Structure formats: C-alpha cells, structure tokens
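Visitor: Whatever this is, show me its structure:
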Amino acid sequence: MRILSWNIQWGRGLDGRVDLVRIADEARDFDADVLCLQEVAVNHPALPGMPAGQLDQVAVLRGLFVGFEHAYGVGSDLPDGLGGRRQFGNLILSRQPILQIFRHLLPWPAEPEKPSMQRVAVEAVIEAAEFPGGALRVITTHLEYYSASQRAAQIGRLREICDEGWRHAVAPRSSAEPDSPFAVLPRGEGVVLCGDFNCAGGPAELEPLTKVGADGTAPRLIDAWMLAHPDQPHAPTVGVHEVSFSAGPQTYDYFFVSENIAGRVRDVEVDLGTRSSDHQPVVLTLDWGRLGF
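Guide: Take a look at the predicted model:
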C-alpha cells in the first residue's frame with residue numbers, strides 16, 4: 001500500500017500558476033492507493049492564481065481520480081457573501097473502499113495577536129482485511145503555522161484521536177440498535193497519521209505524538225522516516241526551492257504509524273524535484289500482508 005501526503009497549496013506551483021491537472025499528473029506517478037492532500041479550496045476566488053474554472057477543487061480532483069472514493073474535511077468554513085460557503089481543508093482520495101469517515105476539529109486556543117484559522121484532521125477508515133482489525137485508519141491534517149502554542153494543543157489532540165480510534169477498534173460498541181446510523185463497522189487497530197505539521201521546531205515539537213498514551217494501553221506512534229531511514233536525517237519538505245516562508249530546507253511534512261503496524265513500513269520517500277507546490281510530496285510504502293511488531 002502506498003500513501004501520498006502533499007500540501008498542494010490549492011494547486012499553486014512555484015511559477016504562481018494554479019493547475020490541478022499538473023498536481024494530479026504528478027500524484028499519479030507515485031501510484032498511490034491513498035492520497036492525502038492539504039490546502040484544498042472550495043469557492044475561494046481571491047486565493048492567488050485561482051482560475052474561475054477550478055473554484056470547487058474537491059469536484060475537480062474527484063473528476064481527475066475516477067474510481068477513487070473521497071473524504072473532505074473543512075477547517076475554515078466561511079460565508080461568501082452570496083449565500084454560499086468558502087471552504088478550506090484536507091482531502092483524502094482512496095482507491096480502496098472507505099468504510100467510515102470522521103472529521104475532527106482541532107483545538108484553536110484564542111491568541112488574538114497572531115493570525116490563525118480553524119484546523120481539522122480528516123480520518124478515512126480504509127477497508128484492508130490484511131491489517132489488524134480488518135481496516136486501516138488514515139488521518140491527515142494541516143496544523144497552525146503562526147502559533148507554536150496552538151500547534152502544541154493540536155498535537156495533543158491528534159494523539160488522543162489516534163488513541164480513541166484504537167479503543168473503538170479493540171472494543172467495538174454495542175450492535176443492539178438496528179437503525180442504520182448505528183451500524184458497527186471495523187475501525188482498524190492500526191493508524192497512519194500524516195500531513196503538514198508546520199513544525200518549525202522540527203521533530204522535537206512532534207515528540208508528544210510518540211509518547212505512551214494517557215492510559216498506557218494504546219500503541220504509541222512512531223516516526224515512519226526513522227523506521228525506513230534510521231541513520232539519515234529527515235529529508236526536507238519545504239524550502240527545497242525558494243519560498244517566502246522558509247529561509248532554507250526544513251521538514252514540515254511527516255508520516256507517523258502506530259507501533260502495531262510499524263513492522264510493515266517499507267519506505268518513506270520525498271520528491272525533491274517537483275515545483276508544483278510550495279511543499280514537496282511524501283510517500284509512505286507499507287507491506288499489505290507482513291505482520292507488524
């Protein structure tokens with residue numbers, strides 16, 4: 001299984017041009033089973049470079065990935081002044097069936113002196129009989145850029161979300177209620193967490209994700225890069241090419257996996273060549289059938 005994580009900056013390349021077809025063409029080259037895309041916009045004509053024909057970027061991307069199921073999670077959801085909504089969030093596209101979708105709003109502590117917006121984590125429970133619990137939870141997110149304290153609160157909540165999902169997987173709720181909204185489906189005991197963590201502090205800022213959970217039972221999270229490349233520093237994912245928000249190469253985009261599927265990690269790759277966004281795409285490769293530890 002190959003999972004792509006990419007902050008696509010609403011399809012805006014370093015040439016200033018918004019081109020979702022270009023994004024899709026490059027994403028297909030990775031042959032990913034699941035695509036996790038951050039900064040996907042709906043009805044935001046004022047974003048730099050936004051062409052009139054691509055305002056509903058979810059619809060455009062769905063049309064470019066025929067046969068993929070989708071899960072869109074909105075962080076910023078605002079009126080457009082014309083009776084509609086302006087939305088900004090994260091999109092998961094999956095070649096495998098999606099059993100359940102969860103949209104988790106992340107903490108947003110008031111910090112009036114800094115610009116910020118509501119952030120979201122999107123969880124797609126992918127049908128995968130070969131994984132523990134018969135499914136795999138894939139969660140993607142995009143954390144606050146301007147505030148370290150807001151990121152810290154969001155990182156703490158992400159850890160709780162991963163732990164809660166595991167508890168639902170190992171102790172499913174009662175199936176006594178027959179109405180269909182109460183359907184009990186596999187949640188999956190393993191989780192992949194990825195996205196743009198905007199962590200200027202580097203891996204140390206993300207360390208709370210890898211700590212033992214509050215009750216000591218849920219599997220801890222492990223940085224997938226360190227599993228695939230234990231003797232190498234993280235490859236940079238921003239500032240590889242000149243961008244305004246980074247003085248040089250840094251790593252903002254990560255994959256984490258739960259310890260119970262860590263043995264399945266085969267590789268983590270960063271494409272350092274593309275200039276189709278201000279972030280570089282990252283790909284995680286997992287074994288389908290080999291048991292983890």
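Visitor: rest of the way, CA atoms for contacts and neighbours
Guide: Will do.
Visitor: got the contact list for residue 56?
Guide: Each residue near residue 56 by Cα atoms under 8 Å, 6 or more residues apart in numbering is listed here: 41, 42, 43.
Visitor: So what pairs up with it in the strands?
Guide: Beta-bridge partners for residue 56, by DSSP bridges, are residue 42.
Visitor: Tell me where the protein has strands.
Guide: Applying DSSP state E to the chain gives strands spanning 2-7, 34-42, 69-79, 85-94, 98-105, 120-127, 135-142, 190-196, 221-223, 253-258, 265-270, 282-286.
Visitor: Take those strands and write them to a markdown table, including mean pLDDT and mean neighbour count.
Guide: Putting the strands of the chain into a markdown table (pLDDT from 0 to 100; neighbours: other Cα atoms under 10 Å) gives the following:
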| stretch | mean pLDDT | mean neighbour count |
| --- | --- | --- |
| strand 2-7 | 98 | 25 |
| strand 34-42 | 98 | 24 |
| strand 69-79 | 97 | 18 |
| strand 85-94 | 97 | 24 |
| strand 98-105 | 98 | 18 |
| strand 120-127 | 98 | 26 |
| strand 135-142 | 98 | 26 |
| strand 190-196 | 98 | 26 |
| strand 221-223 | 97 | 24 |
| strand 253-258 | 98 | 26 |
| strand 265-270 | 98 | 18 |
| strand 282-286 | 98 | 23 |
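Visitor: Columns distance to residue 151 on top of those strands, output as a markdown table?
Guide: Below are the strands of the chain laid out as a markdown table (distance: least, Cα to Cα, whole Å):
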| stretch | distance to residue 151 |
| --- | --- |
| strand 2-7 | 17 |
| strand 34-42 | 16 |
| strand 69-79 | 14 |
| strand 85-94 | 16 |
| strand 98-105 | 13 |
| strand 120-127 | 12 |
| strand 135-142 | 10 |
| strand 190-196 | 11 |
| strand 221-223 | 17 |
| strand 253-258 | 14 |
| strand 265-270 | 23 |
| strand 282-286 | 21 |
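Visitor: Relative to residue 48, which of those is closest?
Guide: Using Cα to Cα as the measure, strand 34-42 is the one of the strands of the chain that comes nearest residue 48, at 11.8 Å.
Visitor: got a list of contacts for the closest one?
Guide: 2-11, 55-58, 86-96, 140-142, 194-196.
Visitor: got the contact list for stretch 186-195?
Guide: Residues from elsewhere that reach stretch 186-195, judged by Cα under 8 Å, 6+ apart: 5-7, 36-38, 99-100, 125, 131-142, 162, 165-166, 168-170, 253-261.
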